[in-house]
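1. Here is the input, now give the coordinates:
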Amino acid sequence: ADLEGVKKLEADPYELGNRKVKPLTFANYAYVALRSDMVKEFYWVVPDRRLTKDSLAEYERLFRKLLGGDLKYGAPDFSFSRGMLKGKLFSKDIFICRINDLPSFKEKVLLDIDVDYFTTFKGTPAIVLEKPGSYPEDLVAAIKRKNIRPEIITIAYSVEGGYTPAIYKYLGSDLYSLFKGVKPGKTDVKDSKNIFLYKAETDMLKGNYISAIDNLKKFMPEAEGRFLLFAHFKLGWCMEKAGDYSNAISEYKQALAIDPESLACLNNLGQCFAELGNNQEARSQFEAAIKKDPDYANSYNNLGTYFVRNNLFNEAVEQYKIALNKKPYFLECLINLGNLYAEKGDYAASSGIYERALEIDPANPEANSKIGWLYNLMGLYEKALLHLNLYYNKNKSDKEARALLSRIHNSLGMEYGKAMDKRWEKELKEAVSLNPDYAEAYNNLAVSYAFLKPRNIRMAVYYAMKAKELGYNVNEDFLHALKSQR
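-> Prediction:
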């Protein structure tokens, strides 16, 4: 690395579009470093025990997600070789590898550490698979074993990340001491002044926003610099989640007083004004964020939602499409656009958008729920079941989803019956299993047992009587004929 160039890069804002930004995130730092000649090679070290060809698609997707809105510059396509994933960006080699597979470097090394390294994760949204053993000594020992002597160390504190357990999240600065050979004497945030941040984040993960607000207020006297900005922002976010939009606006404004360039604050301010019915002010905040950074996809997305609320369909579609052009893997925007097409009855367009969302996050509950509902309307019952089951298996308390699943099993059972497919029996029984009061499905079972293989007159009578008990208008001649055959 060109160390003097890196130091200047860290100290001074640089141009991104028509906006000056500091390299505080992986995405904008990596792009600026790689586009210049400051960095010759880039290694992304991941915590997996073993990388295989099967890892390729997953890490390509994660890498692209990390690069986010900067995808307009392109993203590398990786190949697999010798336990590493290798690609190129701006003619520079990029590697994804485990720490034990790092080479020995003779050149000067810049080490950028994200505290998220300390968990193993998979997919989007992230699923924490295992917690770190000892933090943060293991990482330091592993790097020293490779004889890597970094001349510059930068640390991402992960205050906006979702992978690292909160208990480890705010200790990044201790790594400086460890690299200098000084043991800080703590490996747990509970021993530090950031205890209230830990408690607040634990509350946020559980949806206990009132308790989180209380802990963030207790942390405020200790906060300074970036953490003060973070505390005001998270206070606003928790208040927004709790429905206290007026106080959320106050917190976001205080965060903006510290960092007037904060696009997230402007964007969330707009959302709060929208919730209070102040649509013009909401629009003003979204447009202010876009003016600061024309590539900020979140505000185009929210501007689209503003137009939806004002029944401006074409304008909303245009804003959603701009957002997706800026950020192709923008899940929330894809779902919003899919919802809008579905509302207007364009099921083909809507299902195509939902499918794009599920390519990014196959387990996404909202996308699976919406596309399942849509496929049911289109008569594609097998596809509907596939997606709705993915949703329902994680949302067993959703009575509407359970009722819809029951109806789809009934429809699919009747479709199989017409095709003389023996699977009719399984589907119709599943329909009444999900909804024991589903009179129509009992009647369909009765008719099917009367005329389809395997014929069973006793079962046909049983289900016909069950349907009648539940108030279904069973054909009396049919019922009489059944009883006479027993």
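
2. Neighbours of residue 252, how many?
-> 28 (other CB atoms under 10 Å). Glycine gets a C-beta too; all of them are placed from N, C-alpha and C.

3. which residue sits closest to it, ignoring its sequence neighbours?
-> Closest residue to residue 252 apart from its sequence neighbours, by CB to CB, 6 or more residues apart in numbering: residue 236 at 4.2 Å.

4. Next, that neighbour: phi, psi?
-> phi -60, psi -40 (degrees, to the nearest 10).

5. For it, list the residues it contacts.
-> Going by CB atoms under 8 Å, 6 or more residues apart in numbering, residue 236 touches 248-252, 255, 265, 268, 272.

6. Tell me the most packed of those, by neighbour count.
-> residue 252 (28 neighbours).

7. Just the element for that one, please.
-> Applying DSSP states H and E as the criterion places residue 252 in helix 245-258.

8. list the helices and strands the helix or strand following that helix packs on?
-> Later in the chain than helix 245-258, the nearest helix or strand by DSSP H and E is helix 263-275. Taking 3 or more CB pairs under 8 Å, 6 or more residues apart in numbering; DSSP states H and E as contact, the helices and strands that helix 263-275 lies on are helix 226-241, helix 245-258, helix 279-292, helix 297-309.

9. Would you agree residue 42 falls within a helix?
-> No: counting by DSSP: H, G, I helix; E, B strand; the rest coil, residue 42 falls outside a helix, being strand.

10. SS state for the nearest residue in space to it that is not next to it in sequence?
-> In this structure, residue 42 finds its nearest non-sequential neighbour in residue 94, 4.8 Å apart by CB to CB, 6+ apart. Per three-state DSSP, the local secondary structure of residue 94 is strand.

11. From residue 40, how far off is residue 94?
-> 11 Å (CB to CB, to the nearest Å).

12. Which one's more surrounded, these two?
-> Between residue 94 and residue 40, residue 94 has the larger neighbour count (other CB under 10 Å), namely 20 against 12.

13. thought that one was touching residue 59?
-> No: when contacts are counted by CB atoms under 8 Å, residue 94 is not listed as touching residue 59 (11.0 Å).

14. Now the common contact residues for these two.
-> Counting by CB under 8 Å, 6+ apart, the residues touching both residue 94 and residue 59 are residue 78.

15. Report the separation between residue 308 and residue 228.
-> 35 Å.

16. With residue 383 instead?
-> Separation of residue 383 from residue 228 (CB to CB) stands at 50 Å.

17. how about stretch 307-325: buried residues?
-> 307-308, 316-317, 319-320, 322-324 (16 or more other CB atoms under 10 Å).

18. Alpha carbons of that stretch, as PDB, please.
-> Provided in PDB are the C-alpha atoms of stretch 307-325 (Å, rounded to 0.1, in the frame of the first residue of the first chain):
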ATOM      1  CA  PHE A 307     -46.100   8.800  -4.500                       C
ATOM      2  CA  VAL A 308     -48.000   5.600  -3.700                       C
ATOM      3  CA  ARG A 309     -49.600   7.300  -0.700                       C
ATOM      4  CA  ASN A 310     -50.700  10.100  -3.000                       C
ATOM      5  CA  ASN A 311     -52.100   7.700  -5.600                       C
ATOM      6  CA  LEU A 312     -49.400   8.600  -8.200                       C
ATOM      7  CA  PHE A 313     -48.800   5.200  -9.600                       C
ATOM      8  CA  ASN A 314     -46.600   6.100 -12.600                       C
ATOM      9  CA  GLU A 315     -44.400   8.400 -10.500                       C
ATOM     10  CA  ALA A 316     -44.000   5.700  -7.900                       C
ATOM     11  CA  VAL A 317     -42.900   3.100 -10.400                       C
ATOM     12  CA  GLU A 318     -40.300   5.600 -11.800                       C
ATOM     13  CA  GLN A 319     -38.800   6.300  -8.400                       C
ATOM     14  CA  TYR A 320     -38.600   2.600  -7.500                       C
ATOM     15  CA  LYS A 321     -36.900   1.800 -10.800                       C
ATOM     16  CA  ILE A 322     -34.400   4.600 -10.300                       C
ATOM     17  CA  ALA A 323     -33.600   3.100  -6.800                       C
ATOM     18  CA  LEU A 324     -33.100  -0.300  -8.300                       C
ATOM     19  CA  ASN A 325     -30.900   1.100 -11.100                       C
END
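
19. distance between that stretch and the chain's centre?
-> Relative to its parent chain, stretch 307-325 has a centroid offset of 22 Å by CA atoms, centre = their mean, to the nearest Å.

20. which residues touch it?
-> 274, 279, 297-298, 300-301, 303-305, 330, 333-334, 336-337, 340, 344.

21. Any regions of the stretch 201-350 of the chain where pLDDT drops low?
-> Low-confidence segments of the stretch 201-350 of the chain (pLDDT under 70): 225-226.

22. 80 instead?
-> 201-202, 205, 222-227, 230, 329 (pLDDT under 80).

23. Which helix or strand contains residue 111?
-> Going by DSSP H and E, residue 111 is part of strand 110-114.

24. Now do that strand, average pLDDT.
-> Average pLDDT, strand 110-114: 70.

25. Stretch 381-394 too?
-> 94.

26. Now that stretch: buried residues?
-> Buried residues in stretch 381-394 (16+ other CB under 10 Å): 381, 383-385, 387-388, 390-392.

27. Pull the residues that contact it.
-> 358, 362-363, 365, 368-369, 371-376, 398, 401-402, 404-405, 408-409, 411-412, 415.

28. ok, now stretch 467-475?
-> 437-440, 442-443, 446, 464, 479.

29. Using PDB, write down the CA coordinates of it.
-> Coordinates of each C-alpha in stretch 467-475 appear next as PDB, following Å, rounded to 0.1, in the frame of the first residue of the first chain:
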ATOM      1  CA  ALA A 467     -69.500 -31.200   5.800                       C
ATOM      2  CA  LYS A 468     -73.300 -31.200   6.600                       C
ATOM      3  CA  GLU A 469     -72.600 -30.700  10.300                       C
ATOM      4  CA  LEU A 470     -70.500 -27.700   9.500                       C
ATOM      5  CA  GLY A 471     -73.400 -26.200   7.500                       C
ATOM      6  CA  TYR A 472     -72.400 -27.100   4.000                       C
ATOM      7  CA  ASN A 473     -75.300 -27.700   1.600                       C
ATOM      8  CA  VAL A 474     -74.600 -31.300   0.800                       C
ATOM      9  CA  ASN A 475     -76.700 -32.700  -2.100                       C
END
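
30. May I see the buried residues of the top helix by length along the chain?
-> Counting by DSSP state H, the longest helix found in the chain is helix 399-418. Buried residues in helix 399-418, counted by 16+ other CB under 10 Å: 401, 404-417.

31. pLDDT averaged over stretch 95-107 - what is it?
-> On average, stretch 95-107 scores 78.

32. so how far is that stretch from its chain's centroid?
-> 30 Å.

33. now stretch 348-355
-> 19 Å.

34. What residues of it count as buried?
-> For stretch 348-355, using 16+ other CB under 10 Å, the buried residues are 349-351, 353-354.
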